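Engineer: got a predicted structure here, sequence first:
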There are 2 protein chains.
Amino acid sequence: MSISKKEIESSVKDKELIEIRRKEIVNAAVDLFVRKGFHRTTIREIAQKFGMSVGTLYEYIRTKEDILILVCDYINSTVRMRVKPSVEITKDSAQSLKNAIEIYYRIIDELQDYIIFLYQETKSLSHENRKYIFKSEEDMTRIFKNILTHGVEQGSFKIDEKNILLTAHNIMVLGQMWAFRRWALQKNYTLDRYIETQSKSILDQITKH
Amino acid sequence: MSISKKEIESSVKDKELIEIRRKEIVNAAVDLFVRKGFHRTTIREIAQKFGMSVGTLYEYIRTKEDILILVCDYINSTVRMRVKPSVEITKDSAQSLKNAIEIYYRIIDELQDYIIFLYQETKSLSHENRKYIFKSEEDMTRIFKNILTHGVEQGSFKIDEKNILLTAHNIMVLGQMWAFRRWALQKNYTLDRYIETQSKSILDQITKH
DNA sequence: AATAGGACTGAACGATCGTTCAGTTTATCA
DNA sequence: TGATAAACTGAACGATCGTTCAGTCCTATT
């Protein structure tokens, strides 16, 4: 599924073992990265945390950046894998959108440390790999875009054709904001209230009055 | 004005010279930081760029993080100094808000590299200094909050008391999004269109129908 | 049991970089 | 003009860290 996993070379032959070890690496690295940041985390720490030597670690990756790719990829696909199956496009477009927003925002709340990490460390990736992260985010945007387009087509929503994409981005950013502005928001609002308020104002905005 | 400048110690006695040198340091550092990131930029590069030796640089700061504080502070106060005097609370609240949004969004467009930098490197600051950055962002939020509150009081806007703060945050994040989602937005919209669309939808949402 | 090769180990390497400090230059003022 | 202190210099220090590789361990095959 994920592109990067296929592209990162390894000196180990056993494909299955590569999968197992890389999962261990990601599990160890994701906590350290989120807690200390990419640059402050050392290869030694990661190796120690999943109980292997530095040398072995380097049998499964080429560089430290490879680990960052694996981690970013893991976070992205975790979010996507949990949103996608829960989202359904029904006849009641307003309800579909409301559901999708709620699911997405709750996952952001749950994975807020990871979301913030993605925002902050994307720049540590090479140009090539950064493009991959953006592509992944565009996949998520498309989910909301589809719901919106469907709602417009069947007459539930009233959005200028050209603004559908923008609305999809707004929905996503207003969710992610719950994570990266938590220092201000989470003192003043509960998650439930936040979801309710934001989704109400989004729906108000696009529903025919 | 800025807290940090007073708090960073220096071995140099001449207060005026400190100001001058620190401005040189910030000017040199801001470009390098924005282009290469904080961790990838070396003290040597900064010193070389403003034409002084590493030793001299260390007469004006204590650690590398001090430079980061100076730079973050510089970016924040630049934005604030340019927004604050241009914003005025008039009788026409809707127009006041529209103006404030336009001014803020245009500055974000102009300083987008700096805004992204702030988002990404805040985490490299110590807890103490991060709080300072958040406080600075709250100052900006207050500008919008005041306009909104004023509009509600005189009956132009209809916002639940408890949601005024949230609306202010929404306005700011939808602006900052122009910078940190430029990979998607700036291909599809012009700044003028972006400002128009976003401010229209914000105003629609809070204006009594 | 012998052997081959895949998987693993961690000490060592080399490069980088923040920071310091002994010494030099410059400016000030008696 | 000479003395004093502030300002400046950059080589050197010490610590860190990504990466490598010569050698060991383990497992499967004959």
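Structural biologist: Sure thing, it's come through. Numbering: from 1, shown residues only, chains lettered A, B, ... in the order given.
Engineer: how many other residues sit next to A:Arg106?
Structural biologist: Burial of A:Arg106, expressed as a neighbour count using other Cβ atoms under 10 Å in any protein chain shown, amounts to 18. (Glycine included, C-beta is placed from N, CA and C.)
Engineer: that one belongs to a helix, doesn't it?
Structural biologist: Yes. In this structure, A:Arg106 lies within a helix as judged by DSSP: H, G, I helix; E, B strand; the rest coil.
Engineer: show me the contacts for it.
Structural biologist: Listed by Cβ atoms under 8 Å, 6 or more residues apart in numbering or on different chains, the contact partners of A:Arg106 are A:191, A:195.
Engineer: likewise for the one 10 residues further on?
Structural biologist: Contacts here follow Cβ under 8 Å, 6+ apart; on that basis A:Ile116 touches A:179-180, B:123.
Engineer: where is pLDDT lowest across these?
Structural biologist: The lowest pLDDT within these belongs to B:Lys123, with 92.
Engineer: quick check: closest non-adjacent residue to it.
Structural biologist: The shortest distance from B:Lys123 to any residue other than its chain neighbours is 5.4 Å, reached at A:Gln120 (Cβ to Cβ, 6 or more residues apart in numbering or on different chains).
Engineer: the stretch of helix or strand the one you found belongs to and DNA strand D in contact?
Structural biologist: Element membership of A:Gln120 [criterion: DSSP states H and E] is helix A:112-121. No. Helix A:112-121 stays out of contact with DNA strand D when judged by Cβ under 7 Å from any atom of the strand, the minimum separation being 13.3 Å.
Engineer: burial count for A:Ile107?
Structural biologist: The burial metric for A:Ile107, expressed as a neighbour count using other Cβ under 10 Å, is 20.
Engineer: am I right that A:Met81 is in a helix?
Structural biologist: Yes. Looking at A:Met81 with three-state DSSP, it is inside a helix.
Engineer: from A:Ile171, how far off is it?
Structural biologist: Using Cβ to Cβ, to the nearest Å, we find A:Met81 at a distance of 19 Å from A:Ile171.
Engineer: between the two, which has more neighbouring residues?
Structural biologist: A:Ile171 (25 against 12).
Engineer: quick check: angle from the helix holding A:Gln120 to helix B:112-121?
Structural biologist: 140 degrees (axes from the mean of the first three to the mean of the last three Cα atoms, to 10 degrees).
Engineer: C-terminal to helix A:112-121, what's the next element?
Structural biologist: If you walk from helix A:112-121 toward the C-terminus, the next helix or strand you reach (DSSP H and E) is helix A:127-153.
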